[in-house]
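>>> quick one, structure for this:
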Amino acid sequence: MLSRIDLMHFYEKYSPGIMASSEQDTSKSGSSSGSNGPLAKLIIQQCLSARLQVKPPSDDEEAEYVEVERGIVVYVCFLKGASKATVEKMVKTVLTIRLSEKDTKLASVSDLPGNVLIVPQATLGGKAKGKMMQYHSNIAKDQGLELYTLFCHMCQTGLSSKGPSQEAGTTVKNGTYGNRQVLSIVTNGPFTHIFEF
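Below you'll find the predicted structure:
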């Protein structure tokens with residue numbers, strides 16, 4: 001776990017590069033919806049380990065979980081107008097953006113190599129109105145499920161095709177779309193970034 005002093009040193013050392021990478025990525029694969037707002041949102045957080053409950057316990061069965069070791073946790077939300085093209089841009093960002101610590105440099109999850117835990121997070125599409133949150137911008141549930149399934153599949157395929165990840169046997173795990181879930185995460189930072197497409 002990084003101390004406050006370690007974090008200050010880390011940000012002083014890497015912030016310029018991170019900002020440049022984020023700006024470059026946004027210019028290539030940012031929001032294509034113009035003034036209408038983003039089509040999708042991602043939060044990427046590096047982790048040492050993470051565990052997500054995908055099925056709650058019942059009288060007859062114990063709860064089911066998916067787990068990953070070192071890598072990233074990706075929270076994903078699709079908004080109205082999102083398409084396959086949006087998913088392709090999102091996957092490229094997840095697999096290539098350099099947000100993970102490797103020795104004294106930053107590396108992508110593919111080069112780390114690390115694991116990916118994908119968490120569906122529809123609440124990222126919320127907007128405050130008075131004291132309440134509204135989610136009118138969110139995509140319809142059936143369309144969201146289709147895009148989420150594609151996103152998970154493309155992340156798995158993309159990660160497994162990378163040399164370092166393939167050799168290390170890294171994996172992609174994901175939560176269940178549309179269900180309430182329980183997440184436990186051990187972070188080294190935390191080192192968290194928000195992306196809009």
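
>>> for the helix or strand Ser184 falls within, packing partners?
Assigned by DSSP states H and E, Ser184 falls within strand 182-186. The helices and strands touching strand 182-186, judged by 3 or more Cβ pairs under 8 Å, 6 or more residues apart in numbering; DSSP states H and E, are strand 40-47, strand 49-55. Any C-beta I mention is one placed from the backbone N, CA and C, and that applies to glycine too.

>>> got the angle for the helix or strand following the shortest one vs strand 40-47?
Tracing the chain past strand 49-55, the next element assigned as helix or strand by DSSP H and E is strand 64-68. Compare the direction of strand 64-68 with that of strand 40-47 by axes from the mean of the first three to the mean of the last three Cα atoms, to 10 degrees and you get 70 degrees.

>>> what angle do strand 49-55 and strand 64-68 make with each other?
Angle between the axes of strand 64-68 and strand 49-55 is 160 degrees (criterion: the same axes, to 10 degrees).

>>> so in that sheet, which strands flank whichever helix or strand comes after strand 64-68, and in what orientation?
Next along the chain after strand 64-68, taking DSSP H and E as the criterion, comes strand 71-78. Here strand 71-78 has these sheet partners by DSSP bridges: strand 40-47 (antiparallel), strand 115-120 (parallel).

>>> following strand 71-78, which helix or strand comes up?
helix 84-96.

>>> mean neighbour count, distance to Lys84 and mean pLDDT added to the strands paired with strand 71-78, as TSV?
Compiled in TSV, the strands paired with strand 71-78 are given as follows (neighbours: other Cβ atoms under 10 Å; distance: least, Cβ to Cβ, whole Å; pLDDT from 0 to 100):
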stretch	mean neighbour count	distance to Lys84	mean pLDDT
strand 40-47	22	12	96
strand 115-120	24	17	97
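
>>> what about this protein, any weak spots by pLDDT?
1-35 (pLDDT under 70).

>>> could you save the helices and strands packed on strand 182-186 as TSV and add columns showing distance to Gly144?
Formatted as TSV, these follow (distance: least, Cβ to Cβ, whole Å):
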stretch	distance to Gly144
strand 40-47	10
strand 49-55	17
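
>>> quick check: which of these is nearest to Ser83?
Nearest to Ser83 among the helices and strands packed on strand 182-186 is strand 40-47; the distance by Cβ to Cβ comes to 9.5 Å.

>>> mind giving me the packing neighbours of the following helix or strand past the strand holding Ser184?
Using DSSP H and E, the helix or strand that follows strand 182-186 in sequence is strand 192-196. Applying 3+ Cβ pairs under 8 Å, 6+ apart, we find strand 192-196 packed against helix 4-29, strand 40-47.

>>> so what strands line up beside strand 192-196?
Counting by DSSP bridges, strand 192-196 is paired with strand 40-47 (antiparallel).
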